[in-house]
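S.K.: Predicted model and sequence below, questions to follow.
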Amino acid sequence: MQVIKFGGTSVGSPEAILQVIEIVAEKIKQEPVITIVSAFGGTTDALLQCGALAAGGNELYKEQVNNITNRHLNAVKQLIPVQQQSSLLSAVKKLCNEVEDLCNGIFLLGETTARTKDKLVSYGELISSQIINAAFQARGVKSTWWDSRKLIRTNSEFGNAVVDFPKTGEQFSAARKELSTSLVLMPGFVASDAAGTTTTLGRGGSDYTAAIAAAALDASKLEIWTDVSGMMTADPRWVPNAKVIPSISYQEAMELSHFGAKVIYPPTIQPVMNKHIPVWIKNTFAPADPGTVIELDGFRNGNPVRGISSINNLALLSLEGSGMIGVPGFSRRLFEALSSQQINVILITQGSSEHSICVGVDVLSAEKAKQAVDAAFEPEITLQKVDPLIVEKDLSIVALVGEQMKSHPGISGKMFGALGRNGVNVRAIAQGSSERNISAVISTRDVRKAINLLHEEFFETTNKQVNLFITGVGNVGSRLLQQLAQQQQYLLQHNKLQLRVVGLANSKKYVISEEGLDLQNWKTELENGSDGDIASFTDGIIQRNLRNTVFVDITASEIVARIYPKLLEKSIAVVACNKIACSSPYVYYRELKDKAHAFNTSFLFETNVGAGLPIIGTLNDLLKSGDQVHRIEAVLSGTLNFVFNNYDGSRPFAEVVRQAQDEGYTEPDPRLDLSGTDVMRKIMILAREAGETIEMEAISNNSFLPESCMKGTVDDFYREMLNQEAHFKAIYDEAAANGNKLKFVASFNNGRAAVGLRQIAPGHDLYHLYGKDNIILFYTERYPEQPLVIKGAGAGADVTASGVFADILRATLN
Ligand SMILES: NC(=O)C1=CN([C@@H]2O[C@H](COP(=O)(O)OP(=O)(O)OC[C@H]3O[C@@H](n4cnc5c(N)ncnc54)[C@H](O)[C@@H]3O)[C@@H](O)[C@H]2O)C=CC1
Ligand SMILES: N[C@@H](CC=O)C(=O)O
């Protein structure tokens, strides 16, 4: 014999009921079936509303009763052939009249009791089960209707009655002896006390009815048919990647269902667990889906975490005080105060210092709890031995559940690491010695982010979602978007990385789409975006509070560079090819690095020096492995190298500079390159990375650019360079006459940095440096004579974009 239960949505319409009939008809070919049904979806609430309206003296209850009656009569008309309808129609009408009589009584009294409410709501299941029973019979399936009130005995705690299992067992055995059909229909949720008065088993109680029946009849299995395809690794409304759990233990299912996985009513597990009866969760609307089996020892798939769950609307109550240390009885008094007000404690934590006890309760009970606890500890509060109860709201619990977690060290480390890296502050932690559940109390605004993060962390088959906010879509920025678009699919397939551009901004507009922007169409999306500056964009980023967020600065803007601390403080990684932040006064550079460290996130700027060349990373690797930098010699300007490689006096110097700008090597303002400022910034950043507290003013610059070129606008700059052609030609001719090449060289030696134009003779390490290439020579403790050399294209949109891309990937691996 097997027991099958169908919930409210599974019997929510005549079409759904036909599906139920089809499923059960197949089952009874194998073995007898006890079918338990809920009320038609929404009926229990509608009945309660009738009672509430009537008790409040509102005659609208009559209309509501009418609606309920019509819904059920219509179901009869659709499910039963006309010639067989009349007796069922009158039976249903009679039950609906009883509902109306009951409501009339409530209306006259102007009040309702728990007992009356139980009677009222019981009609939902009583009527639905009789209609479905008749629908089977109308299709030639012989069936018996069992009245659950005559089988399940409870005490008289109306609304949430406690089952008398021995008596219930006896009543089921007696009914079984008389059973002559292979199908039984039973209403879920309802029962009766010793006096025969109707009771109910609590909301969701139809699951419980089914479990009680399965246990009483020693069923081979229990199936709970609902509108989802099983218990899932996380709530699919929050986590689109959530997966059905094929097999789970009773204990794990209880933990998960307690924590909001509403697929099964928690008390359901106990009776079947005691008898080792497997429970299947199946989907009425997708019967072929395998579903979840809950059994003694859930199948082990190697993942110690079975699911992730959450509880919202939590308040944290903290009782603190020096008077509590070492004094027995404080916790007893705290819990007595809470229980005297029927306040359910959801979570408890106490540090070994015994200086505070912290409990989590439903937020609706928080004020009541405060009054009760403050009253209970009034003497100690007056003597300042204990503080008045601290109540914090807007909190939630996220929990990892898994039977196998106990034999796996490192799970909580992984859990809290993932939360910490994403700026999710953990307010309290609870883990029982069973290690089946690790709970963290966090702010409710972080719940969605936290559940998704944990899901990515523990269900490795899912992809890691990375959310990019990019500001600056010029030369380099637009190339980065192209590279991202090209690579998205590859990263998803090969690295399980779902890299999405969620926000884009230029200096006037921004667009944010949580679903990710269409990278083939980003220009239009940005044009149609909102008006706003970097401040609005940043607010939008922080407010979205998405997991694995990376902010990418591809501007040359000081205002943007000033925004980083605000983002880092939210554990949002910052990737910058904008050099302004790192070449600002040292304190700001330091602040950013420290903030990134303190908030467990990344601040990466590899492209600040040498564009896509791995210069800063290599320097850091040298230092981390214990090497020391003695000297750096480098050509760090792609623009200047290009200009001096291409200028020979045959065409104006200004024209060659223009070409460098057109080819995308210069800064947005090319005067920064020509004046040597860009190179000063770069050598300073390297010196700082090497541990030097150095400022721009300390760097000497042997500039070749006449001061007159730096006056006025960029157009004036180009004009003045034409005027100064003879100056540039003279510099070139002198070097050529010596057989040398011109290179703008940066050096760092003994704590001093300098930049300037030098003639480089053939045979020198810097001589063979073509196009827009950069070269860098690190002389270190381990590379004292033959330097470590990095050489290659040091400017250009493509190489810079790819350096930014690499930093983004590094930030996601943090
Ligand atoms: N071109 C290269 O080879 C390299 C460039 N870089 C750096 O890359 C950055 C960008 O360079 P390009 O793309 O060539 O410049 P660009 O001028 O082509 O693009 C910069 C973009 O930033 C936008 N922008 C300016 N202020 C803004 C603000 N407040 N908010 C939002 N957007 C703003 C501008 O509208 C423009 O679209 C610069 O900081 C540069 O130093 C770094 C390494 C190499
Ligand atoms: N303008 C810069 C670009 C890279 O930082 C250069 O020319 O090197």
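M.R.: Good, I have the coordinates. Computed from a predicted structure; not experimentally measured. Numbers count the residues shown, from 1 in each chain. Ligands and ions are numbered 1, 2, ... in the order given.
S.K.: gap between residue 484 and residue 512?
M.R.: As judged by CB to CB, to the nearest Å, residue 484 and residue 512 stand 16 Å apart. All C-beta atoms are positioned from the backbone trio N, CA, C, and that covers glycine.
S.K.: For residue 323, which non-adjacent residue is spatially closest?
M.R.: residue 385 (2.6 Å; CB to CB, 6 or more residues apart in numbering).
S.K.: Which positions in the stretch 701-814 of the chain make contact with ligand 1?
M.R.: 795-797, 800 (CB under 6 Å from any ligand atom).
S.K.: Residue of the stretch 701-814 of the chain nearest ligand 2, please.
M.R.: In the stretch 701-814 of the chain, the residue that lies nearest ligand 2 is residue 795 (3.8 Å; CB to the nearest ligand atom).
S.K.: Output the set of residues of the protein in proximity to ligand 2.
M.R.: 611, 637-639, 665-667, 673, 678, 794-795.
S.K.: Drop anything exposed from the residues of the stretch 701-814 of the chain next to ligand 1.
M.R.: Those of those that meet the buried threshold are 795-797, 800, by 16 or more other CB atoms under 10 Å.
S.K.: Would you check which pair of these lies furthest apart?
M.R.: For those, the maximum inter-member distance is 8.9 Å, found between 795 and 797 (CB to CB).
S.K.: thinking again about what came up before, among the residues of the chain next to ligand 2, which lie within helices?
M.R.: Among these, the members found in helices (DSSP state H) are 638-639, 673, 678.
S.K.: closest to residue 22 among those?
M.R.: Nearest member of those to residue 22, counting by CB to CB, is residue 638, at 71.7 Å.
S.K.: what separates residue 742 from residue 670, distance-wise?
M.R.: 18 Å.
S.K.: whoops, I mixed them up, residue 281
M.R.: Residue 281 is 66 Å from residue 670, by CB to CB.
S.K.: Which one's more surrounded, those two?
M.R.: Comparing residue 281 with residue 670 by other CB atoms under 10 Å, the one with more neighbours is residue 281, at 26 against 21.
S.K.: partners of the strand or helix carrying that one in the sheet?
M.R.: In this structure, residue 281 sits in strand 279-283 according to DSSP states H and E. When pairing is defined by DSSP bridges, strand 279-283 lines up against strand 221-226 (parallel), strand 292-295 (antiparallel).
S.K.: Would you check that residue 616 makes contact with residue 682?
M.R.: No. Under the criterion of CB atoms under 8 Å, residue 616 is not in contact with residue 682, lying 10.0 Å apart.
S.K.: re the thing from before, helix, strand or coil for the residue nearest to residue 323?
M.R.: For residue 385, the assignment made with DSSP: H, G, I helix; E, B strand; the rest coil gives coil.
S.K.: now do residue 523
M.R.: Three-state call for residue 523 (three-state DSSP): helix.
S.K.: after the lengthiest strand in the chain comes which helix or strand?
M.R.: Determined from DSSP state E, the single longest strand within the chain is strand 307-320. Next helix or strand after strand 307-320 toward the C-terminus (DSSP H and E): helix 330-340.
S.K.: For that following helix, enumerate the helices and strands it packs against.
M.R.: On a contact count with 3 or more CB pairs under 8 Å, 6 or more residues apart in numbering; DSSP states H and E, helix 330-340 meets strand 345-350, strand 356-362, helix 366-376.
S.K.: Could you check the angle the last one makes with strand 307-320?
M.R.: Read it as helix 366-376. Angle, helix 366-376 to strand 307-320, by axes from the mean of the first three to the mean of the last three CA atoms, to 10 degrees: 30 degrees.
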